[in-house]
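In: Mind looking at a prediction? Sequence and model below.
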Amino acid sequence: MENLLTAILINGLLLGTLYAIIALGYTMVYGILQLINFAHSEVFLSGAVVAFEVFRLLGPAPDAPPGSGMNPYLVLVIALVVAMLVCGTLNVLIERLAYRPLRTAPKLVPLISAIGVSLILQDVIKFIEGTQGRFQLAVNVPTAFTQTVFSVADNNIKVRDLVLIVVAAVMLFGLDRLVNHSRVGRAIRAVAQDRVTAGLMGIDANRMIALTFAIGGALGGVGGVLFALKFPNLDPYSGTVPGIKAFSAAVLGGIGSIPGAVLGGLVLGLVENLLGVISSFSLIFPKLAFLGAIKAEYKDVGAFMALIIILIFKPSGLLGRSTTEKV
Amino acid sequence: MLELTGVHTYYGHIHALKGVDVKVPEGEIVALIGGNGAGKTTTLRTISGMLRPRQGSVTMQGRDISGVPAHQILQMGMSHVPEGRRIFPQLTVRENLEIGAHTITDRRLIEERIQEGFTYFPRLKEREHQLGGTMSGGEQQMLAIARALMVNPKLLLLDEPSMGLSPLFVEAIFDIIVELNAKRGTTILLVEQNAQMALSVAKHAYVLQTGAVKLSGEAGAIAQDESVRKAYLGED
Ligand SMILES: Nc1ncnc2c1ncn2[C@@H]1O[C@H](COP(=O)(O)OP(=O)(O)OP(=O)(O)O)[C@@H](O)[C@H]1O
Ligand SMILES: [Mg+2]
């Protein structure tokens, strides 16, 4: 039982951290434009594809002896930087081409545009990475990342798990500095609160919106690389489910709120693992074996039920402001 | 300093300004009065670049600025205190002031100006780290003015600074308007519902009605005008 709880806690926190990083992209864009950027799941997937390419090009050959080739941590840093650049730029382009022209249109219109961009990107990724109509990418994760560092109550903590936590922590720290303690961060917050008045202060709102998309996209890219380390088998739709989960995490935490996205991600990760583990009871009670068979579905249904229940009691999310306060 | 000639401004199909001519000489306080919906706010928005005039021109110090976006106009030495104050509710008082100085990069200068703002409005210093949205209406008005002063503007546009304030606050705000004009030589275009107050501090005044200037001249003369007394000074 103790092992089980530890497993829930560890896996929940790891998954939750991943959701949190992706959720930030949704929440920041929503905060400044009140738009749900449905394309974020593909922006994030692009980060995973970047990881695939970088590890393919720079990672160790599958049959190479361990320790040969470029330092895996250096390769990881390259993957992270390239993913941030690619996904940040991609997100800025999406805003420029698909959302900005619709800025004054009714709210539903850019939402449809966002879904369209999401579908287009799936096809673009398929087109670029697919071969002969097939698309299955197996990320060449260096073995250095899959080694166990230590065990807690029979749960193995691998290098990639620590990498996930460290990279996420660095990202969150950097984001806090940028948003809450810098001149541009202040300007972004001002535009989010009152775009017109921000203009009167000499702030170019379009630039701040583009910058927000760049930051959100870069975070999505980092999320994609970390995702690829943990779940190395990718297809064009791999972004969808984590994307929906991360979006739900953002809503759960209070969409528009940066700490909310982090909290929402962690809570969702924990709840999901808690419910997933129910299936493990089948090992103890053979009569409940059928639970094991529907494990994945159970996890998701459970997570979304928890989401709905929380939102019924707190519609603005865990850390969200009630909408009446929004000016 | 500022000149509007034959300005027409629209909101979609709504024709809000129908050929407005206004002159604001350097170093003066000019009052713009008129009833609800007369077009006072629209006039200020057109000047500061929030709206683009469809016809006519706005010139500042001889330069045509019609069509220059709001975020660039600030750099020319104009600040606009918008109707309803428009404080950033989730930024602290200090952050609101810093945002007013967004176009300034010299940190020392920003700090100097913040302290200057605090001497004009000591109340703001007491509330330095409070969120803008939690301040009282009068405090927000002070903050809005202090925020606009962060760039040390040559021309200040004020949209109903006395709106919703108690007489004591109105007095204080008007004292500061007069002081800014006298000590710094700031040119001020003052939109007011409180016509009596506005006319008492202004040199020249314009009366706006349904998007056009109905009357203009020396503030003293306007205050004596029969129709103005009836319509805006509550006399009959
Ligand atoms: N955003 C808008 N969209 C459409 N019409 C507008 C808008 N803002 C103002 N108007 C219209 O333009 C006209 C002038 O409005 P404006 O706000 O300039 O008046 P005002 O003189 O400032 O009035 P008040 O003293 O009530 O503030 C009004 O008829 C108003 O209905
Ligand atoms: Mg008005």
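Out: Arrived safely, thanks for sending. Ligands and ions are numbered 1, 2, ... in the order given.
In: Pull out the buried positions in the helix-or-strand element of chain B with minimal mean pLDDT.
Out: Sorting the helices and strands of chain B by mean pLDDT, DSSP states H and E puts helix B:226-232 at the bottom, at a mean of 76. Going by neighbour count (16 or more other Cβ atoms under 10 Å in any protein chain shown), the buried part of helix B:226-232 is B:228-229, B:231-232. Any C-beta I mention is one placed from the backbone N, CA and C, and that applies to glycine too.
In: quick one: buried residues of stretch A:162-174?
Out: So for stretch A:162-174, counting by 16+ other Cβ under 10 Å, buried means A:163-164, A:167-168, A:171-172.
In: any idea which helix or strand carries residue B:7?
Out: Using DSSP states H and E, the element containing residue B:7 is strand B:2-11.
In: Need the residues that contact the next helix or strand after that strand.
Out: Per DSSP H and E, the first helix or strand lying C-terminal to strand B:2-11 is strand B:14-24. With contact meaning Cβ atoms under 8 Å, 6 or more residues apart in numbering or on different chains, strand B:14-24 is reached by B:1-10, B:30, B:32, B:39, B:42-43, B:46, B:53, B:55-56, B:155, B:187, B:189, B:204, B:206, B:208, B:210-213, B:216.
In: Repeat the analysis, applying 6 Å as the threshold.
Out: B:1-9, B:30, B:39, B:42-43, B:189, B:206, B:211-213 (Cβ atoms under 6 Å, 6 or more residues apart in numbering or on different chains).
In: Can you tell me how far residue A:213 is from residue A:207?
Out: 11 Å (Cβ to Cβ, to the nearest Å).
In: typo on my end, residue B:18
Out: Using Cβ to Cβ, residue B:18 is found at 35 Å from residue A:207.
In: And for residue B:148?
Out: Relative to residue A:207, and taking Cβ to Cβ, residue B:148 is found at 22 Å.
In: Of these two, give the one with the bigger neighbour count.
Out: residue B:148 (23 against 14; other Cβ atoms under 10 Å in any protein chain shown).
In: does the closest residue in space to the more buried one that isn't next to it in sequence have beta-bridge partners, and which?
Out: Counting by Cβ to Cβ, 6 or more residues apart in numbering or on different chains, residue B:79 is the residue found nearest to residue B:148 once chain neighbours are left out, at 3.8 Å. Per DSSP bridges, the residues bridged to residue B:79 are residue B:156.
In: tell me, how many neighbours does residue B:79 end up with?
Out: Other residues lying near residue B:79 total 25 when counted by other Cβ under 10 Å.
In: For it, give me its contacts.
Out: B:148, B:151, B:153, B:156.
In: Let's see that with 8 Å instead.
Out: Residue B:79 neighbours (Cβ under 8 Å, 6+ apart): A:200, B:148-149, B:151, B:153, B:155-157.
In: Quick one: low-confidence residue ranges for chain B.
Out: B:233-236 (pLDDT under 70).
In: residue contacts, residue 10?
Out: By default, I'm working from chain A. So residue A:10 contacts A:152, A:155, A:157, A:161 (Cβ under 8 Å, 6+ apart).
In: The intended chain is chain B.
Out: B:16, B:54.
In: who does it bridge with?
Out: When assigned by DSSP bridges, residue B:10 has beta-bridge partners residue B:15.
In: how close does it sit to ligand 1?
Out: The spacing between residue B:10 and ligand 1, counted by Cβ to the nearest ligand atom, to the nearest Å, is 9 Å.
In: Minimum distance to ligand 1, which residue of the stretch 151-300 of chain A gives it?
Out: Among the residues of the stretch 151-300 of chain A, residue A:196 lies nearest to ligand 1; the distance is 10.3 Å by Cβ to the nearest ligand atom.
In: wait, doesn't that residue sit right on residue B:50?
Out: Yes. Under the criterion of Cβ atoms under 8 Å, residue A:196 makes contact with residue B:50 at 6.5 Å.
In: Need the residues touching each of those two.
Out: With contacts defined as Cβ under 8 Å, 6+ apart, the residues shared by residue A:196 and residue B:50 are residue B:70.
In: Pick out whichever of the two has more residues nearby.
Out: Between residue A:196 and residue B:50, residue B:50 has the larger neighbour count (other Cβ under 10 Å), namely 19 against 13.
In: What separation do you get for the nearest residue to the more buried one once chain neighbours are set aside and residue B:148?
Out: Counting by Cβ to Cβ, 6+ apart, residue B:50 lies nearest to residue B:70, which is 5.0 Å off, once chain neighbours are set aside. Separation of residue B:70 from residue B:148 (Cβ to Cβ): 13 Å.
In: Determine the residues that are contacts of both of those two.
Out: Going by Cβ under 8 Å, 6+ apart, residues that sit against residue B:70 and also against residue B:148 are residue B:80.
In: For residue B:202, give me its contacts.
Out: Neighbour list for residue B:202: B:28-31, B:190, B:219 [criterion: Cβ under 8 Å, 6+ apart].
In: If we use 6 Å, what do you get?
Out: Contacts of residue B:202 (Cβ under 6 Å, 6+ apart): B:29-31, B:219.
In: Strands of the stretch 51-200 of chain A, start to end?
Out: Remark: strands assigned in the stretch 51-200 of chain A by DSSP state E, counting those that start in this stretch are A:137-138, A:148-152, A:155-158.
In: residues in contact with the longest one?
Out: Yep, that's strand A:148-152 we're talking about. A:6, A:156-159.
In: mind listing what residue B:87 touches?
Out: Counted by Cβ under 6 Å, 6+ apart, residue B:87 has contacts B:96, B:132, B:140, B:143.
In: what about the second one, neighbour count?
Out: Read it as residue B:132. Neighbours around residue B:132, by other Cβ under 10 Å: 27.
In: On the three-state scheme, the residue nearest to it when sequence neighbours are not counted is what?
Out: Counting by Cβ to Cβ, 6+ apart, residue B:132 lies nearest to residue B:87, which is 4.0 Å off, once chain neighbours are set aside. Here residue B:87 is recorded as coil under DSSP: H, G, I helix; E, B strand; the rest coil.
In: From residue A:194, how far out is residue B:87?
Out: Taken as Cβ to Cβ, the span from residue B:87 to residue A:194 is 9 Å.
In: repeat for residue A:63
Out: Taking Cβ to Cβ, one finds residue A:63 at 60 Å from residue A:194.
In: Can you pick out the residue with more neighbours from the two?
Out: Neighbour comparison, residue A:63 and residue A:194: the larger count goes to residue A:194, with 20 against 5 (by other Cβ under 10 Å).
In: Quick one, grab the pLDDT at that one.
Out: Per-residue pLDDT puts residue A:194 at 95.
In: List the residues that contact it.
Out: By Cβ under 6 Å, 6+ apart, the neighbours of residue A:194 are residue B:86.
In: Residue A:313: neighbour count?
Out: Residue A:313 - counted by other Cβ under 10 Å - has 6 other residues nearby.
In: Tell me which residues of stretch A:204-223 come out buried.
Out: If you call a residue buried by 16+ other Cβ under 10 Å, then stretch A:204-223 has these buried ones: A:204-206, A:208-223.
In: Oops, could you answer that again for stretch B:20-30 instead?
Out: Along stretch B:20-30, these residues count as buried under the neighbour rule (16+ other Cβ under 10 Å): B:20, B:22, B:24, B:28-30.
In: closest to ligand 2 among these?
Out: residue B:20 (14.1 Å; Cβ to the ion).
In: What's the local residue count around the closest residue to residue A:115 other than its chain neighbours?
Out: Leaving aside its chain neighbours, residue A:115 sits nearest to residue A:38 (5.0 Å; criterion: Cβ to Cβ, 6+ apart). Neighbour count of residue A:38, defined by other Cβ under 10 Å: 23.
In: Next, the contact list for residue A:38, please.
Out: Counted by Cβ under 6 Å, 6+ apart, residue A:38 has contacts A:114-115, A:118.
In: Just the buried subset of these, please.
Out: A:114, A:118.
In: give me every residue that touches residue A:90.
Out: Residue A:90 touches A:43, A:46, A:217, counting by Cβ under 6 Å, 6+ apart.
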